[in-house]
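Student: I'll drop the sequence and a predicted model, then ask my questions.
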Amino acid sequence: MPDHVTFHDLTQTTTIPEALLQRTESDLSVFLKRVTPIIERVRTEGDAALRHFAQAFDQVTDPQMSIKATPEEFDAAFTSIEPDVLDAIKYGIDNIRRFHEAQKPQDNWMIEVRPGIWAGDRNVPIDSVACYVPRGKGCFPSVVNMTTIPGKVAGVPRLVIVTPPSPDGTVDAGTLVAARLIGVEDVYKCGGAQAVAAVAFGTETVPACAKIVGPGSPYVVAAKRLLSDWIDPGIPAGPSESIILTDDSVDPVLAALDLIIESEHGPDSSAWLVTSSRRVAEGVIAALPAHWAEMDEKRAGFSRAVLGGKHGGVILTKDFRAAVAFTNAYAPEHLEILTTDPMADLGRIRNAGEVLLGTASPVTLCNYVLGPNAVLPTNRAARTHSPLSVHDFMKRMSFARVSPEAYPEAARHAERFARYENFTGHARAVSAARPMPKVEPR
Ligand SMILES: NC(=O)c1ccc[n+]([C@@H]2O[C@H](COP(=O)([O-])OP(=O)(O)OC[C@H]3O[C@@H](n4cnc5c(N)ncnc54)[C@H](O)[C@@H]3O)[C@@H](O)[C@H]2O)c1
Ligand SMILES: N[C@H](CO)Cc1c[nH]c[nH+]1
Ligand SMILES: [Zn+2]
């Protein structure tokens, strides 16, 4: 593949071309069409459909593949994993758990809204959540960590993993090791749209869940969208994307290295270097081929496809303010700020899933081990959504209790509201006499 890099010179304009804000996910129409019959087949045929699609899409050869990973498969995974990989998984788990434990909200809060009226929120874990761990173009024990740890910290009683099987019908060893270390042993071998349908409807083997979280290919994203009446699809998390935002202070060879990080996920990823420096823009373009030459061939091919295509490359802006404006309009999943004062520039960022500050905090670190969650909103959803967190595995219920002394005034105002809205049933309920037990907050 040629070493072409897409380059947009926006130095003569402050208008952001709409095309530069697009991602693969921006038009899901093809995927929505393709996954519709898959979903229907899982709904009507259950496990048999999962086995069929494992053969069709994951090249599984055994038509009798067990859909649930067995304890023996977990044991075998621990035997095969290399010790330093095990250490890395444990280091990641430790940091990610610390971060998410600090994030957990208190069980309840309550205030006395006015004398005798107590009200608050109660935080409770969701009953059942499925964690999607991708397997199409790689294996992702890191996604096990990022999805199941906040679920465990939240206290979700039924936390399961769905992940595509390998052709030999097994689950990636790192995925099983991470899952067992975190305390999740319900791992089901199904991926893509069929996995989303399985946890939405339930099959003979796979339990129906209230929610699904985790990133996936556009097939997964499309299925989540179609099944959102059946299962809560969580934050939108599709193909990975990043912006490396720089001024003139950075070494272009280093900036090029970091631009490659998210571009190597697959040809459906997006990755832009956005800079106000022509020196950096030209230097990055010049530095990329040497980096690609050092990489795994398949990954270099993905990176070349992204950085030489419609969804990635180098953007040169009129000044740093315009570079920041582009970044906020794009709302990237991952943002790296490589400037003289990244901490000060953080205050200018309004839309990004995560922001990594300075040359010692490349995206790779946060993808795996720093603690914050790397499952982040994609496709501009960072304008309104936040990173995956303990909160995504919990919900709030509000509660209130009123004392006999506070009741008459509240009832009088509520009755007046009810009569204005012509709700006579509501009004009668607060005008009738009612027993007044003595209540105190506990
Ligand atoms: N946000 C994150 O934390 C994060 C982490 C890792 C990966 N990602 C992103 O998640 C995505 C993972 O995608 P992936 O492909 O590697 O794995 P995936 O598991 O999401 O998708 C693979 C599945 O897609 C289905 N599929 C493949 N071809 C199909 C076809 N022609 N028709 C119907 N279904 C088909 C198959 O069922 C297969 O099992 C990537 O885009 C990556 O960038 C995000
Ligand atoms: N960059 C991904 C989130 O977009 C996370 C990841 C896992 N492994 C490698 N990268
Ligand atoms: Zn990544």
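Tutor: Nice, I can see it. Ligands and ions are numbered 1, 2, ... in the order given.
Student: Helix or strand: which one has Pro105?
Tutor: Per DSSP states H and E, Pro105 falls between elements, in no helix or strand.
Student: residues touching the residue nearest to it when sequence neighbours are not counted, list them.
Tutor: Setting aside the residues directly before and after it, Pro105 is nearest to Asn123 in space (Cβ to Cβ, 6 or more residues apart in numbering), at 4.9 Å. Every C-beta, even on glycine, is put in place using the N, C-alpha and C of the backbone. The contact partners of Asn123, by Cβ atoms under 8 Å, 6 or more residues apart in numbering, come to Pro105, Gln106, Asp107, Asn108, Met394, Lys395, Arg396.
Student: what residues does the helix or strand where Ile111 lies touch?
Tutor: According to DSSP H and E, Ile111 maps onto strand 108-114. The contact list for strand 108-114 (Cβ under 8 Å, 6+ apart) reads Trp118, Ala119, Gly120, Asp121, Arg122, Asn123, Phe399, Ala406, Pro441.
Student: Helix or strand next in line after that strand, which one?
Tutor: Trace forward from strand 108-114 with DSSP H and E and the next one is strand 117-125.
Student: Given that following strand, what are its sheet partners and their directions?
Tutor: strand 108-114 (antiparallel), strand 394-402 (antiparallel) (DSSP bridges).
Student: Mind listing what's buried along it?
Tutor: Using 16 or more other Cβ atoms under 10 Å as the test for burial, strand 117-125 gives Ile117, Trp118, Gly120, Asn123, Pro125.
Student: next one: stretch 37-44
Tutor: Applying 16+ other Cβ under 10 Å to stretch 37-44 flags Ile38, Ile39, Arg41, Val42, Arg43 as buried.
Student: ok, the spatially closest residue to the second one that is not a sequence neighbour - contacts?
Tutor: Distances taken as Cβ to Cβ, 6+ apart place Ala197 nearest to Ile39, at 4.4 Å, with adjacent residues excluded. Residues in contact with Ala197 (Cβ under 8 Å, 6+ apart) are Ile38, Ile39, Val42, Arg43, Ala223, Leu227.
Student: The nearest residue to the last one once chain neighbours are set aside and ligand 1, how far apart?
Tutor: If the residues on either side of it in the chain are set aside, Leu227 comes closest to Ala200, at 4.4 Å by Cβ to Cβ, 6+ apart. Between Ala200 and ligand 1 the computed distance is 15 Å (Cβ to the nearest ligand atom, to the nearest Å).
Student: Look through the stretch 251-400 of the chain and state the residue closest to ligand 1.
Tutor: Proximity of the stretch 251-400 of the chain to ligand 1 (Cβ to the nearest ligand atom) peaks at His265, 3.5 Å away.
Student: What is the neighbour count of the closest residue to ligand 2 within the chain?
Tutor: Per Cβ to the nearest ligand atom, Ser240 is where the chain lies closest to ligand 2, at 3.4 Å. Counted with other Cβ atoms under 10 Å, the neighbours of Ser240 add up to 25.
Student: Repeat that for Tyr91.
Tutor: Using other Cβ under 10 Å, Tyr91 has 12 other residues around it.
Student: about what we covered before: host element of the residue nearest to Ile39?
Tutor: Using DSSP H and E, the element containing Ala197 is helix 192-201.
Student: likewise His4?
Tutor: Secondary structure (DSSP H and E) places His4 outside all helices and strands.
Student: residue contacts, it?
Tutor: Per Cβ under 8 Å, 6+ apart, neighbours of His4: Arg304, Gly308.
Student: how near is it to ligand 1?
Tutor: Distance, His4 to ligand 1, using Cβ to the nearest ligand atom: 22 Å.
Student: between the buried residues of stretch 37-44, which is nearest ligand 1?
Tutor: Ile38 (6.2 Å).
Student: gap between the closest one and Pro167?
Tutor: 19 Å (Cβ to Cβ, to the nearest Å).
Student: and if you look at Ala287?
Tutor: Applying Cβ to Cβ to Ala287 and Pro167 gives a distance of 37 Å.
Student: can you give me how far the longest helix along the chain is from the chain middle?
Tutor: Using DSSP state H to define each element, the chain has its longest helix at helix 83-103. Offset of helix 83-103 from its chain centre (Cα atoms, centre = their mean, to the nearest Å): 18 Å.
Student: Could you check how many residues crowd around the closest residue to Phe320 other than its chain neighbours?
Tutor: The spatially closest residue to Phe320, leaving aside those adjacent along the chain, is Ser276, at 4.3 Å (Cβ to Cβ, 6+ apart). Counted with other Cβ under 10 Å, the neighbours of Ser276 add up to 21.
Student: Quick check: Ser276 touching Lys318?
Tutor: Yes - between Ser276 and Lys318 there is a contact under Cβ atoms under 8 Å: 7.4 Å.
Student: That's all I had, so thanks and see you.
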